[in-house]
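Q: Generate a structure from the sequence data that follows.
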Amino acid sequence: MKPLLKIIGMMIILLCFLPIIPVYADLALDTKIGSWEIKWEEEQTLSLTEAMNQDGYERVNADHANKVMPAGAKGLWIKFDLPAISQKSGLFIDRLYGQQVTLYIDGQSKYEHEYEYQYAINRLLLPVNQTDSKKTVFIHVQSTMEGMGLFGSIQVGDYQQFTSRYIKDDLGDIILGSSFLFVALLMFVSAVFLGKDQVIGWISLSSVMLCAGIILITNASFLYMFFGQYGKVYLHLFDLALFIFMPSLTYFFESVFGKGPYGLIRKYRIFEVIYSMLCIFTLVLQDFIPMRNIYFLITVSLFGITMIVQFMLIFFLSIFYAVKGNKDAAFISIGFGMFALIGTGELVWFYVNPGMYELHFWKWGLIGFICSLVILLGKRFADSHRQIVKYSKELQVYNQKLQRSEKMEVISQLAASVAHEVRNPLQVTRGFLQLMGDYASADKERKYLKLAIEELDRAAAIITNYLTFAKPQLDEVIVLNLADELKQVEGIMVPLANQEGGRIILNVPERLCMRGNSSKLKQALINMMMNSIEALEGSGSIHLWAYEELGEAVIHIRDNGKGMEESMLKRLGEPYFSSQTKGTGLGLMVTFRIIELMEGRLDFKSEVGVGTEAIIRFPIAIE
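A: Below is the predicted model:
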């Protein structure tokens, strides 16, 4: 899943820069017509002859063009004069609003186009030549929609350059929208590999990206210019994508942040689902029963208001969660803030200036917002992966502790019921063997009796370990000076270490104290020192040192013996597991229990051929 998220992120980042790549050549040599004259048809439609012969035209500057249709207007006539024209020139009009457009040059029709659906954006490109110089152009525009007029620029220049611009304008939106569609479909397919908890946010984000791609594509005038026969399909797809986009967006936020304070996000999401269903029903009904005013009220005016409310709600809630310390909210409020503020600003400006403003900056906010959503979802998946790894490790440790605890419980019960009863007959048997040794006459008999007594002693030691484990309570807990305790352990173990060819190096501060039982602590340390001496296998050194760290007394026992593998380290402390041939593992098991009783913990580090290090940590105490 991580490679997929990286690919999606890289594609989105690259696509963000696609629309700003220049798609047409420099048109600095073009001649711009800065003004033209208009005349509204308020009572009746004017013929070309009447339009050419009538006065009363109003001069309009290109910087203050008005495409708002006056009340009762049925059409609009636009006229302007062409400048001096060279060969291979073209007349390019960037934005002309009207469902029916007819262009005349010197009284002859040069261009006719009609939209049979609710769309009115026209971009005109006509070839002109030297014979058209200084001639007057008349454009007749009619529309049943609210806006009508010339709202752009009129340019005369190189026809080839205009052709490139005419074709390539809006292609950036087409390519970007198609890329969103591709990524969304890829995400939908990938959703089958996700778990139930992840698939909700993934599907909602996929729906947002799918709808965003459709909105970008169907909003581009390129489709209507070159494939206008499907214009009604494009408009329906645009509306459907918008109706699905809004509840999907809210659902994504609900999957990330929950239902919100007082359930605001969930309540608004439910409202949007119901309202979007109403809009879709109205859209379908409009095809059978024309009701333009009602349709416009429900799907444009009121829907725009719900969008503004939604943008502001999610924006302020993301800030609210960010202030409360939610890192995801702090991250997403940046991307969504850009989208919400731009989208809200444009919608407000659109409603303040009806028919005067074309929404186009919203797409930049949408791109930034989609990128932030993808990055956020990737971040959440990465966090989930880290949590799963963390929980898996914790579960493994917990299972190990649970297994050890179960084994300890079994051994404790066995020790409590058997150990005491077994040790008594062993002591009696040992006593009789000693008496027999006193009366034995042959050396061979005394040798056998001595061996039997040694084995009985070893058995008694094992029983003692069982009893220690079965009754782990500390008889007396006092403040212990570790310098004194470790020096006594050193004194006990030095003769044995010297006998085996090793040496003990001690380094401990004088004022380092802990709470515990002196005899039990010595027992635990001696058990570990015995293991280190046995690991030396003839020669070597054992370093024993202690210090204070972060409120803890830390004791290290390190030898340079044969060491252990990682698999053996994990089993240390288990009953009947030992790295020594004759070992039972009970001594280290008791050591773990003693350290645990004194609120300490024991860890091991080892490497084969290098040695083993035991690290014991106890809470520090004040003497």
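
Q: Look up which residues are beta-bridged to the nearest residue in space to Ser221 that is not next to it in sequence.
A: The spatially closest residue to Ser221, leaving aside those adjacent along the chain, is Ile121, at 4.9 Å (CB to CB, 6 or more residues apart in numbering). Where C-beta positions appear, they are placed from N, C-alpha and C, glycine not excepted. Beta-bridge partners for Ile121, by DSSP bridges, are Tyr97.

Q: Is Ser606 in a helix, a strand, or coil?
A: With DSSP: H, G, I helix; E, B strand; the rest coil as the basis, Ser606 sits in strand.

Q: What count of nearby residues applies to it?
A: Using other CB atoms under 10 Å, Ser606 has 22 other residues around it.

Q: My read is that it contacts Thr612, right?
A: Yes - taking contacts as CB atoms under 8 Å, Ser606 lies within contact range of Thr612: 4.0 Å.

Q: So the residue nearest to Ser221 is in contact with Phe222, correct?
A: No - checked against CB under 8 Å, the pair Ile121 and Phe222 is beyond contact range at 10.6 Å.

Q: Mutual contacts of Ser606 and Thr612, please.
A: Taking CB atoms under 8 Å, 6 or more residues apart in numbering as the criterion, Ser606 and Thr612 both touch Gly563, Met564.

Q: Just want the most central residue of this structure.
A: Residue closest to the mean C-alpha point of the chain, counted by CA atoms, centre = their mean, is Lys379 at 2.0 Å.

Q: What distance do you get for it to Gly260?
A: 20 Å (CB to CB, to the nearest Å).

Q: likewise Leu205?
A: To Gly260, Leu205 is 18 Å away according to CB to CB.

Q: So which of those two has more stuff around it?
A: Set Leu205 next to Gly260 and count neighbours by other CB under 10 Å: Leu205 wins out with 23 against 20.

Q: Model confidence score at Tyr439, please.
A: pLDDT recorded at Tyr439 is 69.

Q: for the one 3 residues further on, same thing?
A: At Ala442, the pLDDT value in this model is 69.

Q: i'd like the first residue to be 840 from this point on
A: Shifting the count to begin at 840 puts that one at Ala1281.

Q: ok, back up a step: what secondary structure does the residue nearest to the centre of the chain sit in?
A: What three-state DSSP gives for Lys1218 is helix.

Q: Show me the shaky parts of the stretch 1140-1289 of the chain.
A: When residues are selected by pLDDT under 70, those of the stretch 1140-1289 of the chain lie in 1165-1205, 1212-1213, 1215-1216, 1219-1220, 1241, 1243-1260, 1262-1263, 1277-1281, 1283.

Q: so where do the helices sit in it?
A: Remark: helices assigned in the stretch 1140-1289 of the chain by DSSP state H, counting those that start in this stretch are 1142-1162, 1166-1191, 1201-1253, 1259-1278, 1282-1309.

Q: Please apply the same query to the stretch 840-989 of the chain.
A: Under DSSP H, counting those that start in this stretch, the stretch 840-989 of the chain gives helices at 841-856, 887-892.

Q: looking at those, which one has the lowest mean pLDDT?
A: Set side by side, the helices of the stretch 840-989 of the chain give their lowest mean pLDDT on helix 841-856, at a mean of 46.

Q: Ile1227 and Asn1238, how far apart?
A: Taking CB to CB, one finds Ile1227 at 16 Å from Asn1238.

Q: next one: Ser925
A: Distance check for Ser925 against Asn1238: by CB to CB, it reads 86 Å.

Q: Looking at those two, which one has more neighbours?
A: Legend: neighbour count by other CB under 10 Å for Ser925 and Asn1238, higher for Ser925 (13 against 10).

Q: Can you verify my assumption that that one contacts Thr970?
A: No - using CB under 8 Å, Ser925 is not in contact with Thr970; the gap is 11.8 Å.

Q: Neighbours of Phe1150, how many?
A: By other CB under 10 Å, the residues close to Phe1150 number 23.

Q: so how far is Leu1117 from it?
A: Phe1150 is 20 Å from Leu1117, by CB to CB.

Q: List the residues that contact Val1333.
A: Per CB under 8 Å, 6+ apart, neighbours of Val1333: Ile1343.

Q: tell me which element it is part of?
A: Assessed by DSSP states H and E, Val1333 sits inside helix 1321-1338.

Q: Next up, identify which helix or strand the closest residue to Met1085 other than its chain neighbours is on.
A: Leaving aside its chain neighbours, Met1085 sits nearest to Glu1111 (5.3 Å; criterion: CB to CB, 6+ apart). Per DSSP H and E: Glu1111 is located in helix 1103-1127.

Q: next one: Trp1384
A: Element membership of Trp1384 [criterion: DSSP H and E] is strand 1379-1388.

Q: quick check: mean pLDDT across that strand?
A: The average pLDDT within strand 1379-1388 is 89.

Q: That strand pairs with which strands?
A: With DSSP bridges as the test, strand 1379-1388 is paired with strand 1341-1346 (parallel), strand 1391-1398 (antiparallel).

Q: what's the most buried one of the ones you listed?
A: strand 1391-1398 (a mean of 21; mean count of other CB atoms under 10 Å).

Q: just the angle between it and helix 1321-1338, please?
A: Here strand 1391-1398 runs at an angle of 10 degrees relative to helix 1321-1338 (axes from the mean of the first three to the mean of the last three CA atoms, to 10 degrees).

Q: got a list of contacts for strand 1391-1398?
A: Outside strand 1391-1398, the residues touching it (CB under 8 Å, 6+ apart) are 1321, 1325, 1341, 1351-1353, 1364, 1367-1368, 1371-1372, 1374-1375, 1379-1387, 1450-1460.

Q: for stretch 1371-1378, same thing?
A: The contact list for stretch 1371-1378, computed with CB under 8 Å, 6+ apart, reads 1332, 1335-1336, 1339-1341, 1381, 1396-1402, 1418-1419, 1450-1451, 1453.

Q: run the last query once more with 7 Å
A: Contact with stretch 1371-1378 is made by Leu1335, Ala1336, Glu1339, Gly1340, Gly1341, Ile1381, Ile1396, Asp1398, Gly1400, Lys1401, Gln1419, Thr1451, as judged by CB atoms under 7 Å, 6 or more residues apart in numbering.
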